[in-house]
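*Asks:* Below is the structure, and that's it, no one-letter string:
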Ligand SMILES: Nc1ccn([C@@H]2O[C@H](COP(=O)(O)OP(=O)(O)OP(=O)(O)O)[C@@H](O)[C@H]2O)c(=O)n1
Ligand SMILES: C[C@](O)(CO)[C@H](O)COP(=O)(O)O
């Protein structure tokens, strides 16, 4: 990708995958002949959009060193943290000697292996001149309800509610500062929420619905289906 600015990728991959109920963290489960994380990292590397990919890996992770991709020249490893945001900040810090303050960083979950190069390039082309950056997101095709307990209290206008995906694309310095200023805040479940808390309004770019996050056991079969469709 011939571009006048630099992009870096950050991949939080230090989770334990509790909701997956598997014998290993979900990023190491087999999917279409490789592990989930190998698919995710291959897609980022093959897009040609990134200088390097900084991957946050748990200090207790015995699986990562077994993967050949862990030795890829464009892969940098950083220690994971207690929460996803801590892992992202750790990976950002591993880029501090190379990334400039105004370089773009795209943060992408290791658990989202179906990301396409088209969506990566769409997001970069759409946001590359934006002052803040933004996220891939999905609109809702269903009616949305506000619920209290198991009772509906309101119907929400679906044009105002979008599901956040990754990558989430922000300037290196702005993202690092936002995550540092919101460190330890449990409300920060994605990068955009840290920027929002500081008063910024990240943009949304409508992404593909097959960019799913593998979260529960049934998601693996869906990811396999999507990969077969993409092929
Ligand atoms: N302390 C953490 C927690 C999560 N993640 C990563 O953030 C991504 C999205 O998080 P999630 O889907 O919640 O993964 P887990 O935390 O592993 O899942 P669970 O909540 O079911 O344990 C995953 O790639 C996960 O590896 C991370 O790097 N560091
Ligand atoms: C970042 C994210 O993928 C946006 O939808 C999501 O928040 C990560 O999963 P988690 O379960 O919230 O950690």
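*Replies:* Happy to help now that I have it. Every value quoted in this text rests on a predicted model; they were computed, and no experiment measured them. Residues are numbered from 1 along each chain as shown. Ligands and ions are numbered 1, 2, ... in the order given.

*Asks:* Could I get the buried residue list for stretch 195-208?
*Replies:* If you call a residue buried by 16 or more other CB atoms under 10 Å, then stretch 195-208 has these buried ones: 195, 196, 200, 202, 203, 204, 205, 207, 208. C-beta coordinates here come from the backbone N, C-alpha and C atoms, glycine included.

*Asks:* same check, this time on stretch 163-182
*Replies:* Of the residues in stretch 163-182, 164-176, 178-179, 182 count as buried by neighbour count, 16+ other CB under 10 Å.

*Asks:* For it, the averaged confidence score.
*Replies:* Summarised as a single mean, pLDDT over stretch 163-182 is 98.

*Asks:* So what would you say the end-to-end distance of that stretch is?
*Replies:* With CA to CA, to the nearest Å applied, stretch 163-182 spans 22 Å between its terminal residues.

*Asks:* Please see if that stretch touches ligand 2.
*Replies:* Yes. In this structure, stretch 163-182 sits against ligand 2 according to CB under 6 Å from any ligand atom; the contacting residues are 164, 166.

*Asks:* can you confirm residue 141 is in a strand?
*Replies:* No. The secondary structure assignment for residue 141 gives coil rather than a strand, going by DSSP: H, G, I helix; E, B strand; the rest coil.

*Asks:* Any idea how many residues pack against it?
*Replies:* When neighbours are counted by other CB atoms under 10 Å, residue 141 registers 7.

*Asks:* got the contact list for stretch 130-139?
*Replies:* 104, 119, 123, 126-127, 158-159, 162-171, 174-175, 190-192, 195, 200-207, 209, 211 (CB atoms under 8 Å, 6 or more residues apart in numbering).

*Asks:* State which helix of this structure is the longest.
*Replies:* helix 218-230 (DSSP state H).

*Asks:* which residues touch that helix?
*Replies:* For helix 218-230, contacts defined as CB under 8 Å, 6+ apart pick out 29, 31, 32, 36, 39, 113, 114, 116, 210, 212, 213, 214.

*Asks:* Report the entries of those residues that also contact ligand 2.
*Replies:* With respect to ligand 2, and counting by CB under 6 Å from any ligand atom, the subset of the contacts of helix 218-230 in contact is residue 213.

*Asks:* and stretch 100-115, how far out from the chain's middle?
*Replies:* In terms of CA atoms, centre = their mean, to the nearest Å, the centre of stretch 100-115 is set 6 Å apart from its chain centre.

*Asks:* Between the buried residues of stretch 163-182, which sits nearest ligand 1?
*Replies:* Here the nearest of those to ligand 1, counting by CB to the nearest ligand atom, is residue 166; it sits at 8.1 Å.

*Asks:* mind listing the helices for the protein?
*Replies:* For the chain, applying DSSP H gives helices covering 36-46, 84-93, 117-127, 172-181, 191-197, 218-230.
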